[in-house]
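1. coords please:
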Amino acid sequence: MRSTFFGIEMGRRALSAHRTVADVVGHNLANAATEGYRKQNIALTATQPYGQSGQPSLSVGTGVRVGDIARRQNRYLDREIQQRTGAAKMWDTRSQILHQVQDILAEPGDSGINSVLDRFFNAWQDVAIEPDNSAVRTAVLERGQELGDALGLAQNQVANMASNIEERAATRVNKINNLLDELEGLNAQLVAIDATDMRMNDLLDRRDMLVEELSSLVSVSSRDGADGGIRLVVDGIPVMDSYSSRRLEYAGVEGDGSGSLGNVALNWTHGSQTAIPWEPSQAGELGALVGLRNEEVPGVLADLGALADALRTGVNAIHQDGYDLEGNPGGAFFSETVDPGVLRVEDLAPSEVAAAAIPDGAPGDGDNAQAISDFRQDPEAIDGTDPGDFLRSLVSHVGVRTEQSDQLGTNTNNMLMQLENQRDAITGVSIDEELTHLITAQNSFNAAARLVQTWDEMLDMIVNGLVR
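-> Below you'll find the model as predicted:
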């Protein structure tokens, strides 16, 4: 036989359930603009029915209870967004840095290296036309120094860019480790909570947001564990499980002893275990930075150095075959006692410019100056091409890579935005929808309160009314 207070208990359960609904709706509304927040849904379920004594086929409902408070999520979209986030950040980073390389080369433009190179060879053409003119001889020395300064400035700027990329990569390594620290702490909390059959939706929101932020830095894949934790893999290397995680170490720059820039070295470490060397795939910001620093930037610097070395070797060889105004054999036009890749004009007087092809040539002999001017079209000057084409090829290579990064970055960001919009439509908070739920909860709560009041009046009749 059920208790006399059975109806009041049913009403109490309804009041508690619908108050909880209002609490969850309020939590959703409060976090409608919170980054990374996933809408929470409350599931109400009927309580265990009560069987009537002597009537086994007849059962009476006992009310309502909160079955679950679940967060909306779509794991497929989450993983797609993680991948697209890494790709978008990679292309954005590449585009930003390659645009800086374009600015250094300053092409096309009057201040670009190609324009300076043309002015240098044009100056030799002027000497070939007026070999006895001291002014044009002085001009060719100045144009040579201008060319050396332009190449040196470009190389210094590229080398400084490499240093800046290294510093930026080191800061991103620190950021990755900070994210892993926080994720490891969240993992520990969630594993402990899961053991009690509870769920902490807000902690899960925070964890997902951290994983997404991590995916903007490196190529990371995640998998939920059965114990409530999460497992992370970066480029095939397990970096986190439910109980521990690795740390990323910035090992500096490792050179090959040849005077080149060397490569940025990274290792995954875990306590006393042997460090795992890691070269990131070109996904995420760190992947783009390391790829640019280890490949693109050294390639540009090497090409500029090769151009300077080829100009020094080629111009000097022709200059030394000629003769100056006094009939003396020409010496080196560009200094040969400098470091590789450096171009500096020797301390020559205008009369020492070897413009003549023979020592006792007739006045106006500028054949050797013409030969140096023609060196700009020498198809064997640098790697089977002439200096102008070599430089244009370098500029074209950088321009194509930059355009590719711009285009793919735009496309990837558009796809990312579409995926995020799809996810927001599923997991985001709609204020209008929540207000509707709030009104429903309010009406249900009022009805439950009315039920309790009705039972109170019925009991008052039984307790007090029947005494008379």
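
2. ok, the residue nearest in space to the middle of the chain - contacts?
-> Taking C-alpha atoms, centre = their mean, the centroid of the chain lies closest to Glu285, which sits 2.2 Å from it. Shown in contact with Glu285 (C-beta atoms under 8 Å, 6 or more residues apart in numbering): 89-90, 93, 172, 216-217. Glycine gets a C-beta too; all of them are placed from N, C-alpha and C.

3. next one: His437
-> With C-beta under 8 Å, 6+ apart, His437 has these contacts: 21, 25.

4. and it, how far from Asp205?
-> Using C-beta to C-beta, to the nearest Å, one gets 19 Å for the distance from His437 to Asp205.

5. again with Ile81
-> 14 Å.

6. again, but for Val25
-> Noted for Val25: a distance of 17 Å to Asp205, by C-beta to C-beta.

7. ok, Glu213 next?
-> Remark: distance between Glu213 and Asp205 (C-beta to C-beta) = 13 Å.

8. check Leu186 and give its pLDDT.
-> For Leu186, the pLDDT comes out at 92.

9. neighbours of it, how many?
-> Neighbours of Leu186 under the rule other C-beta atoms under 10 Å: 19.

10. picking up where we left off before, most widely separated two among the contacts of Glu285?
-> Pairwise distances across these peak at 12.3 Å for Met90 and Arg172 (criterion: C-beta to C-beta).

11. okay, those two: which has more neighbours?
-> The neighbour comparison of Met90 against Arg172 (other C-beta under 10 Å) goes to Met90, with 29 against 22.

12. check the secondary structure at the more buried one for me.
-> helix (DSSP: H, G, I helix; E, B strand; the rest coil).

13. how close does it sit to Asp197?
-> With C-beta to C-beta as the criterion, Met90 and Asp197 are 41 Å apart.

14. next one: Ala226
-> On the measure of C-beta to C-beta, Ala226 and Asp197 end up 13 Å apart.

15. could you do Pro131 as well?
-> Applying C-beta to C-beta, the value for Pro131 to Asp197 is 96 Å.

16. neighbour count: those two, which is higher?
-> Pro131 (23 against 6).

17. pretty sure the more buried one is touching Gly364, no?
-> Yes - here Pro131 reaches Gly364: they are 6.1 Å apart, a contact under C-beta atoms under 8 Å.

18. what segments of the stretch 251-400 of the chain are helices?
-> Using DSSP state H, counting those that start in this stretch, the helices found in the stretch 251-400 of the chain span residues 284-291, 297-321, 367-374, 387-427.

19. nearest spatial neighbour of Pro379, skipping sequence neighbours?
-> Closest residue in space to Pro379, ignoring its immediate chain neighbours: Asp386 at 5.7 Å, by C-beta to C-beta, 6 or more residues apart in numbering.

20. touching stretch 372-391 from outside, list them.
-> For stretch 372-391, contacts defined as C-beta under 8 Å, 6+ apart pick out 113-114, 117-118, 121-122, 124-125, 128, 303, 306-307, 310-311, 314-315, 318-319, 393.

21. the same query, at a cut-off of 6 Å, please.
-> Outside stretch 372-391, the residues within contact range by C-beta atoms under 6 Å, 6 or more residues apart in numbering are 114, 121, 124-125, 128, 310, 314-315, 318.

22. out of these, who's nearest Glu457?
-> Nearest member of the contacts of stretch 372-391 to Glu457, counting by C-beta to C-beta, is Asn114, at 96.4 Å.

23. now the closest one: which helix or strand?
-> Asn114 belongs to helix 113-129 when elements are defined using DSSP states H and E.

24. what helices and strands are in contact with that helix?
-> For helix 113-129, the packing partners by 3 or more C-beta pairs under 6 Å, 6 or more residues apart in numbering; DSSP states H and E come out as helix 134-194, helix 367-374.

25. closest to Ala32 out of the ones you listed?
-> With C-beta to C-beta as the measure, helix 134-194 is the member of the helices and strands packed on helix 113-129 nearest Ala32 (23.1 Å).

26. just the C-alphas of the following helix or strand past that closest one, formatted as CSV.
-> Downstream of helix 134-194, the first helix or strand assigned by DSSP H and E is helix 201-215. Output of helix 201-215 as CSV, limited to C-alpha atoms (Å, rounded to 0.1, in the frame of the first residue of the first chain):
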residue,chain,number,x,y,z
ASN,A,201,30.8,18.7,-19.0
ASP,A,202,32.6,22.0,-18.5
LEU,A,203,35.9,20.2,-18.1
LEU,A,204,35.3,18.3,-21.3
ASP,A,205,34.6,21.6,-23.1
ARG,A,206,37.9,23.0,-21.8
ARG,A,207,39.8,19.9,-22.8
ASP,A,208,38.4,19.9,-26.4
MET,A,209,39.2,23.6,-26.7
LEU,A,210,42.8,22.9,-25.6
VAL,A,211,43.2,20.1,-28.1
GLU,A,212,41.9,22.3,-30.9
GLU,A,213,44.4,25.0,-29.9
LEU,A,214,47.1,22.4,-29.9
SER,A,215,46.1,21.4,-33.4
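
27. which residues does helix 201-215 contact?
-> 36-38, 40, 71, 82, 85-86, 179, 182-183, 186, 190, 220, 222.

28. try stretch 343-361
-> Counting by C-beta under 6 Å, 6+ apart, 127, 131, 134, 137-138, 141, 144-145, 148, 151, 308, 312, 319, 322-325, 327, 330, 332, 334-335, 338, 365-369 sit against stretch 343-361.

29. can you do 7 Å?
-> 127-128, 131, 134, 137-138, 140-141, 144-145, 147-148, 151-152, 308, 311-312, 319, 322-327, 330-335, 338, 365-369 (C-beta atoms under 7 Å, 6 or more residues apart in numbering).

30. where are the low-confidence patches of the stretch 1-150 of the chain?
-> For the stretch 1-150 of the chain, residues meeting the criterion pLDDT under 70 lie at 1-4, 51-57.

31. same check, this time on the stretch 201-350 of the chain
-> 255-260.

32. returning to what we had before: out of the helices and strands packed on helix 113-129, indicate the one that is most buried.
-> For those, the largest average neighbour count (mean count of other C-beta atoms under 10 Å) is found in helix 367-374, namely a mean of 22.

33. using PDB, write out the CA atom coordinates for it.
-> Provided in PDB are the C-alpha atoms of helix 367-374 (Å, rounded to 0.1, in the frame of the first residue of the first chain):
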ATOM      1  CA  ASP A 367      86.200  45.100 -75.700                       C
ATOM      2  CA  ASN A 368      86.900  43.600 -72.300                       C
ATOM      3  CA  ALA A 369      84.300  45.800 -70.700                       C
ATOM      4  CA  GLN A 370      81.900  44.600 -73.400                       C
ATOM      5  CA  ALA A 371      82.800  41.000 -72.500                       C
ATOM      6  CA  ILE A 372      81.900  41.700 -68.800                       C
ATOM      7  CA  SER A 373      78.600  43.300 -69.900                       C
ATOM      8  CA  ASP A 374      77.900  40.300 -72.000                       C
END
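
34. if we can go back for a sec, and the helix holding Asn114 with helix 387-427, angle?
-> 170 degrees (axes from the mean of the first three to the mean of the last three C-alpha atoms, to 10 degrees).
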